[in-house]
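J.: Pasting a predicted model and its sequence here:
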Amino acid sequence: MGVERTMRRLCNTLLAGLELPSSATTVDLFAALCARMSQERSRRVTFQLVHFPTTSSVSGLWLNLDGQDLLAVERHTDPSHQCVIFGHEVWHMYQGQCRPGGQEAVLATRLLAGKVDLESAKDAVLRVAARTHFDNETEEREADAFGYRLSTRCRPLLRPSADGSRTPRDALARRIEAALGHRGPQE
């Protein structure tokens, strides 16, 4: 099956019949999507909104832990960008794109301190690094495309902002759209 078709199918699986209250936030959305991914993967999938150090280029992580998956998404960014990050990490998880490495282990360990048994997370933390350094540009482009696709599809499910739009749009969101060649809503 082609990548586009796989992305479309995964989006449809995650969003089919998904109903959220009109006051839904990204936290509500991510919890519902994690529940769907838990069913899809037959294992627990959870998420955390966290603050990544400003000295790092990392804004999201997927950790493949014993018996569960953990998605970490930058807390200090707008909801539309959080959705793109969340979708990006979901794609890596769905595709099993995590290779050996170690440079981001310190970041991930600090990030998860007190949240996960670090001994059980050790191997997963060590596998994060290669992906965060864009060693495989194709995988990163695909993950970005899926993140944007999922974000676009999720926009109507989120609480409207003060101006009536579903999520705030800023210069960063517009740059992401331009980089991905976005030409309108994706199905």
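T.: Ah, there it is.

J.: does residue 59 really touch residue 51, like I thought?
T.: No. Applying CB atoms under 8 Å as the test, residue 59 and residue 51 come out as separate, 10.4 Å apart. C-betas here are computed from N, CA, C, even on glycine.

J.: tell me which element residue 176 falls in.
T.: helix 171-179 (DSSP states H and E).

J.: And the strands in the protein?
T.: Remark: strands assigned in the chain by DSSP state E are 44-50, 60-65, 68-74.

J.: Just give me the lowest mean pLDDT stretch among those.
T.: Between these, the lowest average pLDDT goes to strand 60-65, which shows a mean of 84.

J.: just checking, what packs against that one?
T.: strand 68-74, helix 79-95, helix 105-112, helix 118-132 (3 or more CB pairs under 8 Å, 6 or more residues apart in numbering; DSSP states H and E).

J.: Give me the sheet partners of that strand and which way each runs.
T.: Strand 60-65 has the following strand partners under DSSP bridges: strand 68-74 (antiparallel).

J.: just checking, residue 24 touches residue 159?
T.: Yes. In this structure, residue 24 is within contact of residue 159 by CB under 8 Å, at 5.7 Å.

J.: picking that back up, which neighbours do residue 59 and residue 51 share?
T.: Common neighbours of residue 59 and residue 51 (criterion: CB atoms under 8 Å, 6 or more residues apart in numbering): residue 74.

J.: which of the two has more neighbours?
T.: residue 59 (20 against 9; other CB atoms under 10 Å).

J.: which residues does the closest residue to that one other than its chain neighbours contact?
T.: Excluding the flanking residues, the one nearest residue 59 by CB to CB, 6 or more residues apart in numbering is residue 74, at 4.2 Å. Taking CB under 8 Å, 6+ apart, we find residue 74 in contact with 49-52, 59-60, 81-82, 85.

J.: Kindly state the beta-bridge partners for residue 74.
T.: Bridge pairing for residue 74 - DSSP bridges - gives residue 50.

J.: Can you tell me how far it is from residue 81?
T.: 8 Å (CB to CB, to the nearest Å).

J.: any shared contact partners between the two?
T.: In contact with both residue 74 and residue 81: residue 59, using CB under 8 Å, 6+ apart.

J.: hmm, back to that, what's the closest of the strands of the chain to residue 180?
T.: Shortest distance between residue 180 and the strands of the chain, using CB to CB, is found for strand 60-65: 15.9 Å.

J.: between the strands of the chain, which one is nearest to residue 92?
T.: With CB to CB as the criterion, residue 92 lies closest to strand 60-65 of the strands of the chain, at 5.0 Å.

J.: Could you check the angle that closest one makes with strand 44-50?
T.: Angle, strand 60-65 to strand 44-50, by axes from the mean of the first three to the mean of the last three CA atoms, to 10 degrees: 140 degrees.

J.: low pLDDT regions in the protein?
T.: 98-135, 160-175, 177-178, 181-187 (pLDDT under 70).
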